[in-house]
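1. Make a model of this:
(chains A, B and C)
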Amino acid sequence: MSDSILSVTGLVKRFGGVAASAGVDLAVASGELHAIIGPNGSGKTTLLSQIFGEVRPDAGAITFAGRNITGTPIHTRVLMGISRSYQITSNFPYATLRANLAFGLQSHARVAHRFWRRASLSDAMQAEADAILKQVGLSHRADTLVNDLAHGEHRQLELALALSTHPRLLLLDEPFAGLGAAEGKAMVRLIASLKGTHSIILVEHDMDAVFALADRITVLAEGRVLATGSGDDLRTSAAVRAAYLGEP
Amino acid sequence: MSRIAIVAALLGLLAVAGPLAIWGGQPYLAFVLTRLMLLAVAGVGLNLVLGYCGLASFGHAAFIGVGAYVAAIAATEAFTGSVWADLAAATAAGAIAAAMVGAISLRTRGIAFILITLAFGQMAYYAAISLERYGGDDGMRIPAAALPADLTLYGLAFALLAVALFVSHQIVHSPYGTILQGAAANERRMTALGIPVGRYRLAAYAVSGALCGAAGALQAVHDGYVSPGLMAWPRSAELVAMVLVGGAATTSGPLLGALAFTALDEVLSGWTDHWRIAFGVLLVAAALIGRGGLAAFVAGRRE
Amino acid sequence: MTAALLAEQLLNGAQLGVLLFLIAAGLTLVFGVMDFVNVAHGSLYMLGAYFAVTLVGRTGSFPLGVALAVAATVVVAVTVERLLLRHLYRRSHLEQVLGTFGLVMIANEAVRIVWGPAGLTLAPPHALAGQVSLPFGIEYPAYRLILLVAGVAVAVLLAGFGRTRAGMRIRAAATDATTLQALGVNVGALATGVFALGAALAGLAGGLAAPIVSVKVGMGESILILTFVVIVVGGVGSVRGAFLAALAVGLIDTLGRAYLPDVLRHVTNDAAASALGPAISAVLIYVAMAALLAARPQGLFTRGQ
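-> Residues are numbered from 1 along each chain as shown, chains lettered A, B, ... in the order given. Below you'll find the predicted structure:
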């Protein structure tokens, strides 16, 4: 696949005797939204963590934008354009939303290491922070402490943090976790608005959201790829139904 | 009262008190104040790591000791004959020692980090004991001819304190400094935002070691004497206690802590031979009650 | 460098090792189970030694005196744990060190008040005062040999305890604190129990060490750091790791001090290099620790993330 932005081949990761990845192959096309589904413990989050560099694979290779990044440190991957969100919200609770975004913006602009000038953002970066907050629907909360946000707003901020480093490839780990019906609909609209401008890997349990958003879907079970295809392909696949939906 | 105002007021007092004490025939007061200022410099150094990076480093007495020994050996052997050159060498030595210790200990987290920094501190202590050429267990005296006058020393200590506070204030309010503080709150997310957190912390650790090295060098010249006891781990623990009692992650904290510890030391040791028991009780009480330290108390707000 | 001398140094190293193990075994559990940094653990070792000096003198019996010293140490430790330390379990590590360091100062000063500032000595029991002859013509002090045997016996007992129901709970809690709540265990009682066990072992180490070291204020501080090295190398929370690491630390430290200066003198005639011998052997154990941690930051016997 020459137009794929990310390709994973033969990825293996064992924890003790358990194989979280048992030879995973995956290719994500540029601009594609590629969903990964599978039962709990099928190795979805471990796969994301290996693509992002938080977990080192035991074997296999990861290629991003034509470069082998299997052993590349996280911060380099981020500068190359990979970003991720977490299933459990991960942010800086005692800072404002704007200050939360400042870290990623400064990191991307390569000014994070400056130790002698004031930390206040330049006008250009302020505008960027405002634009990202507007995109995720948190404009009105820019100067609120993160600690004071509601759960749904935390999920929106999680996405905003992932966007703050200007990624080309977004790794989203269950962005719908804990959202109500209305919030979920808003999140579908939000992620849909990122399609095309970003390549996205979406790990998710909410099947309505997955079928509404995904261009292609990969089904994982016990660390292996069971099937890859469009939503319609998979709905009719007997193997997937047997392994994943537990049907005979 | 804002924290900057507290620091400015204390610095103003110190600027006047020392010269007045020396000219007014109270050399002991100037002696104590010099020691206080050097303690505060080391505290400012430790606070960068302990307060702002949230790293419980318990080996900082080693960096003070490295600075002190480098200054003492340089003065005794008269390598350069210049106090400035010796001070610079001691500062650099403190930074290098801290970078070496940090490179290994920053790979660990939590309790292991505490234990490892303690162990490295103790390693420096034993290394100093084995320096037989420089007094071994007994330590070494610095020839009186190599020592500057009281007022010069007071001025140097004051200048060093002012520089340390300024540098620390600049760093803490820079993008780099806010990122260190963010990483203390959430290291994983900071890493995920593209920050090589380990390297950032290592740099802070080295700066912290440099400040401790400089403080140690002046302390050596001030006491006219160095010994391995400077590096024994209880000295590191006392330094940590001082910063916590003063107020970690505040500009004024280390200075207030040094003030409190020096005052307690002077007052309690005047009362009883067993003053350390009272000191111990105060530390236990501080651990049980305290949040935010003296800085929060003086500034009139709780965090 | 004769074989007999080497054997004697090996025994010395192993004996330092078991002493370190006695102190480290309880402490590594306190670290692991309660996630609590206790720098006052060395003070329990010191108290054990002082109690032993007094109680062996009062009772006239070495075993009885040491047993009472262990009991006295446990009483002090449990009292302090109940009154003070349990309030620190949920605090930050920094506050824990601050509080327990305050206890070190209090303990040191209290000992100075009760027993005076001068160091004390304790004679080994009469029957063990002499040397014993071992195979290969090795003469070794009987008391040190018994100390070594006693230490290994405690290690075996602990290993047995680890297989009991209570022991398994503690081991599970030491590697993963959340399992404790999940099992519905009474956390307070377990914490006190673990703390008492650690105090008993530290008190025993102090009592047994009293005849071979100088009993003085501050004796706990110097050995505490070596204990920390053992715990870090063995992996926080692992008693088995602590045993192997303690033996390794004891042997490396003892053999390094005994032989490294000679070895350096052999390989180089340079006066400066041979003068460095004592310095290198003094810090050898820390260098070894640093090298190990550079390769395995989580220690030898705990699994990395």
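
2. Contact partners for residue B:283?
-> B:241, B:245, C:98-99, C:101-102, C:105 (Cβ atoms under 8 Å, 6 or more residues apart in numbering or on different chains). C-betas here are computed from N, CA, C, even on glycine.

3. Check it and give its pLDDT.
-> The model reports residue B:283 with a pLDDT of 89.

4. same check, this time on the one 4 residues further on
-> According to the model's per-residue confidence, residue B:287 sits at a pLDDT of 88.

5. How far off centre is the helix or strand that contains it?
-> According to DSSP states H and E, residue B:287 maps onto helix B:275-289. Distance, stretch centre to chain centre, for helix B:275-289: 21 Å (Cα atoms, centre = their mean, to the nearest Å).

6. Identify all contacting residues around whichever helix or strand comes after it.
-> Going down the chain from helix B:275-289, the next helix or strand is helix B:293-299, by DSSP H and E. Applying Cβ under 8 Å, 6+ apart, the contact partners of helix B:293-299 are B:1-3, B:6, B:244-248, B:250, B:252-253, B:256-257, B:260, B:302-303.

7. Could I get the buried residue list for helix B:293-299?
-> For helix B:293-299, the buried set under the neighbour-count rule, 16 or more other Cβ atoms under 10 Å in any protein chain shown, comprises B:293-296, B:298-299.

8. circling back: including neighbour count and pLDDT, could the contacts of residue B:283 go into a markdown table?
-> Shown next, in a markdown table, are these (neighbours: other Cβ atoms under 10 Å in any protein chain shown; pLDDT from 0 to 100):
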| residue | neighbour count | pLDDT |
| --- | --- | --- |
| B:241 | 25 | 91 |
| B:245 | 24 | 89 |
| C:98 | 26 | 89 |
| C:99 | 27 | 93 |
| C:101 | 26 | 93 |
| C:102 | 27 | 94 |
| C:105 | 25 | 93 |
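
9. Phi, psi for residue C:99 please.
-> phi -70, psi -50 (degrees, to the nearest 10).

10. returning to that earlier point: just the buried residues of the contacts of helix B:293-299.
-> Applying 16+ other Cβ under 10 Å to the contacts of helix B:293-299, the neighbour count classes B:3, B:6, B:244-248, B:250, B:252-253, B:256-257, B:260 as buried.

11. Just the ones of these in helices?
-> B:3, B:6, B:244-246, B:253, B:256-257, B:260 (DSSP state H).

12. out of the residues you listed, which one sits closest to residue C:78?
-> Nearest to residue C:78 among those: residue B:244, at 27.1 Å, using Cβ to Cβ.

13. what about that closest one, distance to chain C?
-> 5 Å (Cβ to the nearest Cβ, to the nearest Å).

14. Quick check: which element contains residue 76?
-> Because you didn't say which chain, this covers chain A. Assigned by DSSP H and E, residue A:76 falls within helix A:74-80.

15. nope, chain C
-> Short version, using DSSP H and E: residue C:76 is in helix C:62-83.

16. Residue A:14 too?
-> With DSSP H and E as the test, residue A:14 turns up in strand A:4-15.

17. pLDDT on that strand, on average?
-> pLDDT averaged over strand A:4-15 gives 94.

18. which residues sit against the helix or strand following it?
-> Once the chain leaves strand A:4-15, the next helix or strand it forms, by DSSP H and E, is strand A:18-29. With Cβ under 8 Å, 6+ apart as the test, strand A:18-29 has contacts from A:1, A:3-14, A:34, A:36, A:43, A:46-47, A:50, A:57, A:60, A:169, A:199, A:201, A:215, A:218, A:220, A:222-225, A:228.

19. Fine by me, we can end here.
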